[in-house]
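Peer 1: predicted structure and sequence below. I'll ask about it afterward.
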Protein chains: 2
Amino acid sequence: MAEKWLIGVDLGGTTTKIAFISYYGEILHKWEIPTDTSDKGKNITINIAKAIDRKLEEVGRSKSEILGIGMGAPGPVNLVNGVVYEAVNLGWQDDYPLKDMLEVETSMPAVVDNDANCAALGEMWKGAGNGAKDLVCVTLGTGVGGGVIANGQIVQGVSGAAGEIGHITSIPEGGAPCNCGKSGCLETIASATGIVRLALAELSANDASGSLKEIYQREGTVTAKDVFDSARGGDKMALHVIDHVAGHLGLALANIANTLNPEKIVLGGGVSRAGDILINPVKEKFLACSFPRVAKSTQVTLATLGNDAGVIGAAWLVRNNPIKQ
Amino acid sequence: MAEKWLIGVDLGGTTTKIAFISYYGEILHKWEIPTDTSDKGKNITINIAKAIDRKLEEVGRSKSEILGIGMGAPGPVNLVNGVVYEAVNLGWQDDYPLKDMLEVETSMPAVVDNDANCAALGEMWKGAGNGAKDLVCVTLGTGVGGGVIANGQIVQGVSGAAGEIGHITSIPEGGAPCNCGKSGCLETIASATGIVRLALAELSANDASGSLKEIYQREGTVTAKDVFDSARGGDKMALHVIDHVAGHLGLALANIANTLNPEKIVLGGGVSRAGDILINPVKEKFLACSFPRVAKSTQVTLATLGNDAGVIGAAWLVRNNPIKQ
């Protein structure tokens, strides 16, 4: 058992990451293939199967030496039957039987979960979680995603929608519209998209000059990275945007912690790479809004696995298949 | 095994509820004793042991026919060793080894958890949860307490402070001070105490007449029940208070559901007995602030076990001792 390999797959809308991983979580081979969403996504699982077969041949391993395939998919997943709901950006219509299709194409056992949950499991196993059994991961990217682990298990929720931390309502009245249909979601504030939106609003409402304004005048727009870079240089408008973002993010994380008291809240995704300029004010707000015993015991920290969290967490699912337990 | 009885104990600051419960959760005998908090609470476990011995004799059962004692205690509990932290209202100083003391006095195996967690387990097993494995219970009483169940297990958190739903920060700036040391906690708004505070503020700031004002002028104060009764009669000030309470409570519950997508959120405690006048606007706000998939699947509902939830949940702990699994 322990000498068998695990296969982790992180299925994205543009590229699919695949890795052969040891039973102990070490990445042995890692590569990417493009995700072909044409023809209602019917080639996705075929291409993954072909890529795995080719790589197995290349490294001289047989399928009998693989324990199984774990996969993270972008959308709510029914963990029991491996059906993915609402993954329209992959071309799949309605509900897609991903686990079954993957098993048919690869002739190996498969287990499927949501991609944010896989990233959380990866960080728990080999990343910032460092084995913590109560962990919340928040991915700050184009959107805001989340994964919740309690008592060592992913919390799926009754319809697979647990961990929708990006859709915590941060501004109950008059917030910006969100893709989900609501308004005022955390995602409209603490994602890269949200930060750009807030910066552009600030730039058009404020006559003050500064480095962010100069970039805006030169480029016609700004990026989230521009906001963080300008803030590091002391730009007042950029600092004001970050203050707003950190206030809402710190409050949301504190209220998650008041409910779950996890050992760690791990922040990942592109926006988290801003580092101290974002994380320090987030931590300050977090401490101010947390129940004292929670403030003393729950840590806010940065993810450490980067893009590997998804494949490592998917491999963990193979080793610890929650359905077979 | 299945013919043995369980003993459930719900330890409160004033009275202690004790029940003999069948293996299948039926209450067979139920009674109360006063909680003696004098002498640093040293008589608490002795009195419980005596009360159990007397009742066993009365009903003609021996200790060998009891599987064990489960107890809910008011304060954070270390589930592994049964130590209760910060239960100062029971007279106990520092950390109190409740499980050990109870086992010594009764000569039976004991398991101890937080009282709000026990109420949640009770509602899961025999109450509104109806077997749901993902459940959040919120008790709206003098304060606001909570218990979170995910994947069929209580979420304790890293230092036993999970479920501190009353200390979710509802008003990040300028909220009322809370006993916990923070301000703006949900408990300062959605507890009986919070509702009275809000009503008194409204009464002193508002010159309008009405039934609530009449009660205030006659009695010199109002109760939470007065507020709900007046609102049912159409009193504008009372309706305004309830609108404020329901808005904050509905938002907090929605954000818990966006994180955990439980099958049910069960509302219990004295304030929840207000019924539709409170629950309907809470549900309305909950639906408006929930991620669409969550709004469709997570139900907000009223607790059904009343004061029995604690002893039934404590008995569940004996049957499903999370430490022994």
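Peer 2: All right, it came through fine. Numbers count the residues shown, from 1 in each chain, chains lettered A, B, ... in the order given.

Peer 1: so residue A:20 sits against residue A:7, correct?
Peer 2: Yes - with contact defined as CB atoms under 8 Å, residue A:20 reaches residue A:7; the gap is 6.0 Å. All C-beta spots, glycine's among them, are computed from the backbone N, C-alpha and C.

Peer 1: look at these two and report which has more neighbours.
Peer 2: Using other CB atoms under 10 Å in any protein chain shown, the more surrounded residue of residue A:20 and residue A:7 is residue A:7, with 27 against 22.

Peer 1: shouldn't the more buried one be within a helix?
Peer 2: No - according to DSSP: H, G, I helix; E, B strand; the rest coil, residue A:7 belongs to no helix; its state is strand.

Peer 1: what sits against it?
Peer 2: Neighbour list for residue A:7: A:18-21, A:52, A:66, A:68-70, A:108, A:315, A:318 [criterion: CB atoms under 8 Å, 6 or more residues apart in numbering or on different chains].

Peer 1: for it, name its beta-bridge partners.
Peer 2: Applying DSSP bridges to residue A:7 gives these bridge partners: residue A:20, residue A:69.

Peer 1: residue A:265: which element?
Peer 2: Counting by DSSP states H and E, the element that carries residue A:265 is strand A:264-268.

Peer 1: before we move on, back to that, of the contacts of residue A:7, which is the most crowded?
Peer 2: Using other CB under 10 Å as the neighbour criterion, residue A:315 leads those with 33 neighbours.

Peer 1: can I assume that residue is in contact with residue A:4?
Peer 2: No - contact criterion CB under 8 Å: residue A:315 and residue A:4 do not qualify, at 11.2 Å.

Peer 1: what touches both of these two?
Peer 2: Common neighbours of residue A:315 and residue A:4 are not found (criterion: CB under 8 Å, 6+ apart).

Peer 1: how many neighbours does residue A:11 have?
Peer 2: Here the count is done by other CB under 10 Å, and residue A:11 has 27 residues near it.

Peer 1: residue numbers of the stretch 201-325 of chain A in contact with chain B?
Peer 2: Within the stretch 201-325 of chain A, the positions adjacent to chain B are A:247, A:251-252, A:254-256, A:258-263, A:288-294, A:296-298 by CB under 8 Å from any CB of the partner chain.

Peer 1: could you redo the last one with a cut-off of 7 Å?
Peer 2: For the stretch 201-325 of chain A, the residues in contact with chain B (CB under 7 Å from any CB of the partner chain) are A:251, A:254-256, A:258-263, A:289, A:291-294, A:297-298.

Peer 1: among these, name the buried ones.
Peer 2: Neighbour-count burial (16 or more other CB atoms under 10 Å in any protein chain shown) applied to those gives A:251, A:254-256, A:258-263, A:289, A:291, A:293-294, A:297-298.

Peer 1: now stretch A:18-31, how far from the centre of its chain.
Peer 2: Chain-centre distance of stretch A:18-31: 19 Å, with CA atoms, centre = their mean, to the nearest Å.

Peer 1: repeat that for stretch A:195-212.
Peer 2: A distance of 28 Å separates the centroid of the chain from that of stretch A:195-212, by CA atoms, centre = their mean.

Peer 1: ok, residues contacting it?
Peer 2: The contact list for stretch A:195-212 (CB atoms under 7 Å, 6 or more residues apart in numbering or on different chains) reads A:176, A:189, A:213, A:216, A:222-224, A:226-227, A:230, A:233, A:235-238, A:240-241, A:244-245, A:271.

Peer 1: now the element after the strand holding residue A:265, going C-ward?
Peer 2: Next in line after strand A:264-268, if elements are assigned by DSSP H and E, sits helix A:276-289.

Peer 1: okay, that following helix in CSV with CA atoms only?
Peer 2: Output of helix A:276-289 as CSV, limited to C-alpha atoms (Å, rounded to 0.1, in the frame of the first residue of the first chain):
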residue,chain,number,x,y,z
ASP,A,276,2.6,42.1,5.2
ILE,A,277,1.1,45.2,3.6
LEU,A,278,-2.2,43.3,3.5
ILE,A,279,-1.8,40.6,6.2
ASN,A,280,-0.8,42.9,9.0
PRO,A,281,-4.0,45.1,8.9
VAL,A,282,-6.0,41.9,8.3
LYS,A,283,-4.6,40.4,11.5
GLU,A,284,-5.2,43.6,13.5
LYS,A,285,-8.9,43.6,12.5
PHE,A,286,-9.1,39.9,13.1
LEU,A,287,-7.8,40.2,16.7
ALA,A,288,-10.1,43.1,17.4
CYS,A,289,-13.2,41.2,16.3
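
Peer 1: now the angle from it to strand A:264-268?
Peer 2: 150 degrees (axes from the mean of the first three to the mean of the last three CA atoms, to 10 degrees).

Peer 1: tell me what helix A:276-289 is packed against?
Peer 2: Secondary-structure packing of helix A:276-289 (3 or more CB pairs under 7 Å, 6 or more residues apart in numbering or on different chains; DSSP states H and E): helix A:224-232, helix A:236-260, strand A:299-302.

Peer 1: deepest of the ones you listed, which one?
Peer 2: helix A:236-260 (a mean of 24; mean count of other CB atoms under 10 Å in any protein chain shown).

Peer 1: tell me the mean pLDDT for that one?
Peer 2: Average pLDDT, helix A:236-260: 98.

Peer 1: which helices and strands sit right next to that helix?
Peer 2: By 3+ CB pairs under 7 Å, 6+ apart, helix A:236-260 packs against helix A:187-190, helix A:192-205, helix A:211-219, helix A:224-232, strand A:264-268, helix A:276-289, helix B:236-260.

Peer 1: residues in contact with residue A:119?
Peer 2: A:137, A:139, A:147, A:268, A:309-310, A:313.

Peer 1: look at residue A:97 and say how many residues are nearby.
Peer 2: Residues lying near residue A:97 (other CB under 10 Å) number 17.

Peer 1: am I right that it is in contact with residue A:83?
Peer 2: Yes - taking contacts as CB atoms under 7 Å, residue A:97 lies within contact range of residue A:83: 5.4 Å.

Peer 1: list the contacts of the nearest residue to residue A:193 once chain neighbours are set aside.
Peer 2: Residue nearest to residue A:193 in three dimensions, not counting chain neighbours: residue A:142, with 5.8 Å by CB to CB, 6 or more residues apart in numbering or on different chains. By CB under 7 Å, 6+ apart, the residues touching residue A:142 are A:191-193.

Peer 1: please spell out the ChimeraX selection for the buried subset of those residues.
Peer 2: The ChimeraX selection below is limited to those of these classed as buried (16+ other CB under 10 Å):
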select /A:191,192,193
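
Peer 1: by proximity to chain B, which residue of the stretch 101-250 of chain A wins?
Peer 2: Proximity of the stretch 101-250 of chain A to chain B (CB to the nearest CB) peaks at residue A:157, 2.5 Å away.
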